Structures are given as structure tokens and as C-alpha cells.
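from the sequence below, what's the structure:
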Amino acid sequence: MNPLFNSFDLAGTRLANRVVMAPMTRARALNDIPDEHTVLYYAQRASAGLIISEGIPISREGCGYLFNPGLYSDEQTQGWRRVTDAVHAKGGRIFAQLWHVGRVSHVSLQPGGAAPVSSVATVAAHSNAYAWVEKGQPGPVQASVPRALGTPEVQRISADFVSAARRAIEAGFDGIELHGANGYLFEQFLNGALNNRQDTYGGSIANRQRLLLETLDALATEIGSARVGVRLSPFGRLFDMHPYAEETETWLSLASALNDRDLAYVHLSDQLTIGAEAIPAGFANQFRQAYQGTLIAAGGFNRELAEAALEAGDLDLIAFGRPFISNPDLVQRMQNGWPIAEGDRTTFYGVNGSPTKGYTDYPAYGETVANQVA
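Numbering: from 1, shown residues only. Purely as a prediction, here's the structure:
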């Protein structure tokens, strides 16, 4: 039997197959609370072995985009409970991706119009938040100049992640994924070209990794390490991230540190498919040698590439992103060799005048065939 469609034991959570629905921002929750459309969207895709939710802000401070449902209020927690119940009713499993964007935000999104926070007070040049262009008009806006977090404040960030993780478990999620990728807060500390702090969270490789590892340890203490995963984008260049000395060493030493923690998984994101540079040749194998636990990767996979990676032992689970937008039954389509539908990129983000268009109105393959016959 093809390994892509075999079941998998994810640190005690049984997955029906090795297909993962990658986290994707959709900006569809007008009140920042999951609604009936959110519930249907995830339930339609529950045949994935594992769903990783869209990025869920852990606090108002952590928001960089309008209309993203968070996990920092009782109403949001209750909304996500409806989502997880619907996914579980269909036999699926779902992790919450917990998110703090750091400096990739705008004052119109921040409490009291304050500056966003980051490792340092350096703006993310040529980087947009999705915020208020003017009152009542959402759109892309250059990220605001941030302020550097004070040393005592950094531990507050970890505490906010722990609080959101606690809410995630209350909401019925099977676990959480810490979003450490794509130029957001944790990468703003990891990146040696940006992080020039003079305290214990800057300078050396170990110091730049400290916030990420301290937060993972706090999460593991709170909800158990078997319920904690982390997403990374080695050599990421999104949102004004730049190359730096000892970059390879930074990521490989982090892989070793993660290997010492009994996490659910590590999830690598290759940014080539979203217009950035690819992970350098040979690095994935180095990372795999340093990190022996469950490894997921996302970035341009189709069935054939996924099968090859699993059979070679390079990966344990394969994440698919955009194909899941337009193919709610992606697992069945790949398993049966049915056509993969193309998505409408103009409806990937935001409501666009309709709460369902490009979100919950993509049919399963059987429905498409029935409509053609009719």
C-alpha cells in the first residue's frame, strides 16, 4: 500500500493518512471569531490525516492581519470548539497553529494604537500588514515601526503562548503548532542579521534561539510535549529577513536542540513556492540527520513527490497547502487519480463580498461529476 495513504501514529494521536493540510491564512472571520463558515471549511477537509489550522493570533498584540480568528477570548475559544467538534465528527485530527507576527503589524491593529513589538526597533521594509487603510477600509499597509521588547517582557510572550495553548486544548484541538517561520516574531529573534540585542536574547546562536526554546518548553510543561509541534522556515527571506553569518549553524544547532525535546513534530516550510528563495541543496538532509523525530515538510508537493519523499525516509508526513483550498477532498482525489482543481487566487484572502465564495463553495469531485452529468 502506498505510504502516503497509510495511517500514522503522531506521538499517540492516530492519523488516518500521512497527508497534512498546511496552515493557510484566509482572513474570513469578520469578527475575529470562527463562525459557521469556518466550521464548514475545516469539516469539508477533515479527510486529511492532520489539519493544521490557519495562523491563530495568541493576543491582540500578535495580530498582523484583519479577520483572523484568535485564541485570546472566551468567544473565540467557543468558536474554535465548534470547528474541532466538526472535524472530529468526521474522523479528522486538528492542531492549532499559534501565531505572533511581531513587527509585521500596523498600529491600526494594535491595542491603543501602540507600536508593534519585535526583537529590535527596526521596521520590516517593503512588508505589508493587512490592516485598516482608513476607517472601514481594509487593505495592505506598510508595517509600522516596531519597538524592541524589553528583557522582562520577553517572558510575557511565552506566557501568552501558554495561555493560548491552554485555550486550544479547551477548544478541543489535538495539539498546537508554534509558528516559528516566515519572518514572524520568533524568526525576528533567530535572524542574526536583524537581532542585534545586547541581552540574553541576542548575539550568540544560543541567545537568539532562547525565546523559541523557552516557549516550547513552557508549552510542553503546560499541555505535554506530545501535543506540541513547531514550524520553521530555514533560510527564510519573507518580510525583510536577510542572510547572516553562521546561518546554517543556527538552524542545525536548533535541529539538535529540538531533537532533545520529545515534540510531536517539526514542520519545515520551503518558501520557493511563495516567491522566496528555496532551502539550499543538501540542507534538508543535514537537518534530517540532526533531528530524528517526526518531520513534516511543505512546499510544492504533489502525490508523486510526496510518495518519493516518504519512501526515501526523508519525511514522515507531507503538507499540502493551496491544493486544499480548491479540493476539499484532496486525499481522495490523489488516492484515486482524480483531477486536481485549480483555485481562484483572487478569493484566497478576505471575504470579497461573499462569505462562501472561494471558501466553502468548492465541490468534491463526485459533486463536480454529478453536476456535469446533470
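
can you show me the CA trace of stretch 316-323 as CSV?
Extracted in CSV, the C-alpha atoms of stretch 316-323 (Å, rounded to 0.1, in the frame of the first residue of the first chain):
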residue,chain,number,x,y,z
ASP,A,316,7.2,11.3,7.8
LEU,A,317,4.3,13.5,6.8
ILE,A,318,3.7,15.7,3.8
ALA,A,319,1.9,19.0,4.0
PHE,A,320,-0.2,20.4,1.1
GLY,A,321,-1.4,24.0,1.1
ARG,A,322,-3.1,25.7,-1.8
PRO,A,323,-4.5,22.4,-3.4
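
helices of this structure, residue ranges please.
Ranges of helices in the chain, per DSSP state H, are 36-44, 74-89, 151-170, 185-190, 205-223, 247-259, 283-290, 303-312, 322-326, 330-336, 365-373.

could I have the CA atoms of the fifth one written out in CSV?
Once side chains and other backbone atoms are set aside, the C-alpha atoms of helix 205-223 remain, and they are given as CSV (Å, rounded to 0.1, in the frame of the first residue of the first chain):
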residue,chain,number,x,y,z
ILE,A,205,23.3,31.5,18.4
ALA,A,206,22.1,30.1,21.7
ASN,A,207,20.8,33.5,22.8
ARG,A,208,18.9,34.1,19.6
GLN,A,209,17.3,30.6,19.9
ARG,A,210,16.4,31.2,23.6
LEU,A,211,12.9,32.6,23.1
LEU,A,212,11.8,29.8,20.8
LEU,A,213,13.2,27.1,23.0
GLU,A,214,11.9,28.6,26.3
THR,A,215,8.4,28.9,24.8
LEU,A,216,8.4,25.3,23.5
ASP,A,217,9.5,24.1,26.9
ALA,A,218,6.8,26.2,28.6
LEU,A,219,4.2,24.8,26.2
ALA,A,220,5.4,21.2,26.8
THR,A,221,5.1,21.7,30.5
GLU,A,222,1.5,23.1,30.2
ILE,A,223,0.0,20.7,27.7
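
okay, the angle between it and helix 247-259?
30 degrees (axes from the mean of the first three to the mean of the last three C-alpha atoms, to 10 degrees).

how close does Ala125 sit to Trp99?
Ala125 sits at a distance of 22 Å from Trp99 (criterion: C-beta to C-beta, to the nearest Å). Yep, even glycine has a C-beta here, placed from its N, CA and C like the rest.

the more surrounded of these two?
Trp99 (34 against 9; other C-beta atoms under 10 Å).

can I assume Gly49 is in contact with Thr13?
No. Using C-beta atoms under 8 Å, Gly49 makes no contact with Thr13, being 9.9 Å away.

these two - which one has more neighbours?
A direct count of neighbours by other C-beta under 10 Å for Gly49 and Thr13 places Gly49 higher, at 24 against 16.

identify the residue nearest the more buried one in space, chain neighbours excluded?
Taking C-beta to C-beta, 6 or more residues apart in numbering, and ignoring the residues beside it in sequence, Gly49 has Leu15 as its nearest neighbour in space, at 3.6 Å.

coming back round to it: got any residues that touch both of Gly49 and Thr13?
Applying C-beta atoms under 8 Å, 6 or more residues apart in numbering, one finds that Gly49 and Thr13 are jointly contacted by Arg93.

and Phe173, what does it touch?
Residues near Phe173 by C-beta under 8 Å, 6+ apart: 53, 80, 84, 94-96.

shaky segments in this structure?
Counting by pLDDT under 70, the chain shows low-confidence ranges at 1, 271-278, 368-374.

hmm, 80 instead?
Residue ranges of the chain with pLDDT under 80: 1-2, 270-279, 281, 351-353, 366-374.

isn't Pro3 right up against Asn17?
No. Using C-beta under 8 Å, Pro3 is not in contact with Asn17; the gap is 9.3 Å.

higher neighbour count, the two?
Neighbours were counted for Pro3 and for Asn17 using other C-beta under 10 Å; Asn17 has more, 21 against 16.

please report how far that one lies from Ser269.
Here the criterion is C-beta to C-beta. By it, Asn17 lies 21 Å from Ser269.

same check on Met24?
Relative to Ser269, and taking C-beta to C-beta, Met24 is found at 12 Å.

tell me which of these two has more neighbours.
Neighbours were counted for Met24 and for Ser269 using other C-beta under 10 Å; Ser269 has more, 27 against 17.

contacts only, for that one.
Shown in contact with Ser269 (C-beta under 8 Å, 6+ apart): 22, 181-182, 231-233, 236, 297-299.

and which of those residues is nearest to Thr250?
The nearest member of these to Thr250, counting by C-beta to C-beta, is Leu232 at 10.7 Å.

partner residues bridging that closest one?
Note on Leu232: beta-bridge partners by DSSP bridges are Leu268.

and it, how many neighbours?
Neighbourhood size, Leu232 [other C-beta under 10 Å]: 24.

tell me, how many residues neighbour the closest residue to Lys90 other than its chain neighbours?
Beyond its immediate neighbours in the sequence, the residue positioned closest to Lys90 (C-beta to C-beta, 6+ apart) is Ala46, lying 3.8 Å away. Neighbour count for Ala46, taken as other C-beta under 10 Å: 20.

cool, thanks, talk later.
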